[in-house]
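Engineer: got a structure for you, letters missing:
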């Protein structure tokens, strides 16, 4: 088998970016308000 | 309602829910699925399933849970009874307690293996067993399946007792002091350990450049990520991706609903659910995809790794990985880390599995928390003996197939239908968006109503015809296992019938009022 192809690298970058981006977006918002609303 | 337990912090809840979702599958099942189903191309149906199946189901479960919590219900029978005023609803909800309790019975035993192997790694117990047969023999003799390195099953029994004790100690401390504290310590630790291992793997290069120059880490990543677009036309790939999303997010178990029931009425569930899902995906794709399979390819090559993957998650986790650790500098340390991270992934999931049953006993029979926890602990302790002593006869496999696979999908289907079609999508949408910290696109209204149920139904029908029927008829099962597998089915039936009877009695003694 050949090594990582351009397609493979591209898929890795896209997958990692989408997931890490989503996680950062969520946790930034959560950490802004780490309390429950009725507290 | 004021005396109902609550999560102390939002981040604690998210980490606990993510801990519930993150399990052995994130580190072992995902990379195998990706590699076998088109590599990088697999991520296309995977992300589509995440969008159309994973996120909607996550929100549906959080919404059902928070709504049930308003009526003091931390279990699916009560939650379904609230949204569907039909006598049958609570019995369908029994599946939510049944499935998670049955999974706990065998999951805690597997979890105890990870703790044991963490100990065996740091003490170098298995070091010196440097081929597949010897290592498989070590695992099997530990499990009591065959004689060999261990003269009895006592070590396995000891680690099982420790695991059960830790689980029920956490559960005894309750939601905020027990489960939330465990998640706040365990989840960051798990992520740190996984990052440490991933860095070690990525920096391995070519482990044996003289004899096997073609076996390297880049090959490992190529094995998982190089896209094979020709496979995208195969329906199996789409179903495999949907199945992976389903299992990795731990939907269809009744556990997320139980956790969400301890939220307040005005609390957000949209951002919480999305944060849970994204944490799980980070651990699965970014970390899980960077450890076991790449390192196996680097040490054993692609053909052998394919064989290992076909042998299943246990083969990869408990046989191949220990062989690799023996070849690594500081392998005892990295082996300990690997199994410790699997143990943390396991315990944060297993404490969630019995929470619905504990909540049911407390809320419907007015038992104290300690009494309810003790009853569940005793029940689990007794039941796990069937798994321990009948392991070689397929008892665990039978429980796993029905409770851990088939019924999960069935519950997912039933709950989305009850939520969107019986309770009504307008009410459901209002519940999801109530208190939301982020705006949910209206697109998901239609996805939850139409796409998600059809998506799950297609998985259910496909598995029903291809897997469930042959499994039901026990085709290809060795004859010596058949009585024990029937025993496993009888055990599940008795547990299910017992839970149905308890629900019947609970509603007779104390009929809930929803006015």
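Structural biologist: Happy to help now that I have it. Here the structure is a predicted model, which means the values were calculated and not measured. Residues are numbered from 1 along each chain as shown, chains lettered A, B, ... in the order given.
Engineer: quick one, phi psi at the residue nearest to residue B:176 when sequence neighbours are not counted?
Structural biologist: Nearest residue to residue B:176 in three dimensions, chain neighbours excluded: residue B:8, at 4.2 Å (Cβ to Cβ, 6 or more residues apart in numbering or on different chains). Any C-beta I mention is one placed from the backbone N, CA and C, and that applies to glycine too. Note on residue B:8: backbone dihedrals following degrees, to the nearest 10 are phi -80, psi -40.
Engineer: Am I right that residue B:8 is in contact with residue B:179?
Structural biologist: No: distance between residue B:8 and residue B:179: 10.5 Å, which falls outside the contact criterion (Cβ atoms under 8 Å).
Engineer: Look at those two and report which has more neighbours.
Structural biologist: Using other Cβ atoms under 10 Å in any protein chain shown as the criterion, residue B:8 and residue B:179 rank with residue B:179 on top: 28 against 17.
Engineer: ok, and the closest non-adjacent residue to the residue in chain A that chain B sits nearest to?
Structural biologist: Nearest residue of chain A to chain B: residue A:11, at 3.0 Å (Cβ to the nearest Cβ). Leaving aside its sequence neighbours, residue A:11 sits nearest to residue B:40 (Cβ to Cβ, 6+ apart; 3.0 Å).
Engineer: Any figure for the gap between the one you found and residue B:218?
Structural biologist: Separation of residue B:40 from residue B:218 (Cβ to Cβ, to the nearest Å): 14 Å.
Engineer: Which one of these two is surrounded by more residues?
Structural biologist: Neighbours were counted for residue B:40 and for residue B:218 using other Cβ under 10 Å; residue B:40 has more, 25 against 17.
Engineer: show me the contacts for the more buried one.
Structural biologist: Residues in contact with residue B:40 (Cβ atoms under 8 Å, 6 or more residues apart in numbering or on different chains) are A:7-8, A:10-12, A:15, B:224-227.
Engineer: For the residue nearest to residue B:176, give me the pLDDT.
Structural biologist: With respect to pLDDT, residue B:8 scores 92.
Engineer: interface residues of the stretch 301-450 of chain B facing chain A?
Structural biologist: By the rule Cβ under 8 Å from any Cβ of the partner chain, the part of the stretch 301-450 of chain B lying against chain A is B:302, B:435, B:437-438.
Engineer: swap in the stretch 1-150 of chain B?
Structural biologist: Counting by Cβ under 8 Å from any Cβ, the residues of the stretch 1-150 of chain B close to chain A are B:6-7, B:9-11, B:14, B:39-41, B:43, B:47.
Engineer: can we see that at 7 Å?
Structural biologist: B:7, B:9-11, B:14, B:39-40, B:43, B:47 (Cβ under 7 Å from any Cβ of the partner chain).
Engineer: So what's the residue count around residue B:300?
Structural biologist: 20.
Engineer: OK, contacts around it?
Structural biologist: Each residue near residue B:300 by Cβ atoms under 7 Å, 6 or more residues apart in numbering or on different chains is listed here: residue B:308.
Engineer: Helices along the stretch 201-350 of chain B, start to end?
Structural biologist: Along the stretch 201-350 of chain B, counting by DSSP state H, counting those that start in this stretch, helices occupy B:217-225, B:235-248, B:255-260, B:270-281, B:292-300, B:302-310, B:313-314, B:321-327, B:331-365.
Engineer: I'd like to know which elements the second one is packed against.
Structural biologist: In terms of contacts (3 or more Cβ pairs under 7 Å, 6 or more residues apart in numbering or on different chains; DSSP states H and E), helix B:235-248 is packed against helix B:24-36, helix B:43-49, helix B:407-417, helix B:452-463.
Engineer: elements contacting the second one?
Structural biologist: In this case it means helix B:43-49. So helix B:43-49, by 3+ Cβ pairs under 7 Å, 6+ apart, packs with helix A:6-32, helix B:235-248.
Engineer: before we move on, back to that, please identify the deepest-packed of the helices of the stretch 201-350 of chain B.
Structural biologist: Of all the helices of the stretch 201-350 of chain B, helix B:255-260 has the most neighbours on average by mean count of other Cβ atoms under 10 Å in any protein chain shown, namely a mean of 29.
Engineer: what does that helix rub up against?
Structural biologist: So helix B:255-260 is contacted by B:13, B:16-17, B:20, B:61-62, B:64-66, B:68-69, B:74-76, B:79, B:96, B:100, B:250, B:269, B:352-353, B:355-356, B:359 (Cβ under 7 Å, 6+ apart).
Engineer: now stretch B:49-60
Structural biologist: B:241-242, B:245-246, B:249, B:251, B:269-270, B:273-274, B:276-277, B:281, B:412, B:415-416, B:419, B:432, B:444, B:447-448, B:451-452, B:455.
Engineer: now stretch B:457-472
Structural biologist: B:239, B:242-243, B:401, B:406, B:409-410, B:413.
Engineer: one step back: ok now do the residue of chain A closest to chain B, which residues does it touch?
Structural biologist: Residues in contact with residue A:11 (Cβ under 7 Å, 6+ apart) are B:40, B:43, B:225, B:227.
Engineer: of the residues you listed, closest to chain A?
Structural biologist: The shortest approach to chain A among those belongs to residue B:40, at 3.0 Å (Cβ to the nearest Cβ).
Engineer: Look up phi and psi at that closest one.
Structural biologist: Backbone dihedrals for residue B:40, given as degrees, to the nearest 10, come out at phi -60, psi -30.
Engineer: Model confidence at residue 38, what's the number?
Structural biologist: Let's take chain A. pLDDT, residue A:38: 46.
Engineer: ah, no, chain B please
Structural biologist: pLDDT recorded at residue B:38 is 80.
Engineer: Let's see the pLDDT reported for residue 33.
Structural biologist: All of this refers to chain A. At residue A:33, the model reports a pLDDT of 77.
Engineer: hm, I was asking about chain B
Structural biologist: pLDDT recorded at residue B:33 is 85.
Engineer: what's the burial count for the closest residue to residue B:260 other than its chain neighbours?
Structural biologist: Leaving aside its sequence neighbours, residue B:260 sits nearest to residue B:65 (Cβ to Cβ, 6+ apart; 2.8 Å). For residue B:65, the neighbour count with other Cβ under 10 Å is 26.
Engineer: Quick check, residue B:65 in contact with residue B:254.
Structural biologist: No: with contact defined as Cβ atoms under 7 Å, residue B:65 does not reach residue B:254; the gap is 9.0 Å.
Engineer: what's the spacing between residue B:218 and chain A?
Structural biologist: For residue B:218, the distance to chain A equals 5 Å [Cβ to the nearest Cβ, to the nearest Å].
Engineer: Now for that residue: which residues touch it?
Structural biologist: With Cβ under 7 Å, 6+ apart, residue B:218 has these contacts: A:3-4.
Engineer: Touching, residue B:380 and residue B:102? I think so.
Structural biologist: No: contact criterion Cβ under 7 Å: residue B:380 and residue B:102 do not qualify, at 10.4 Å.
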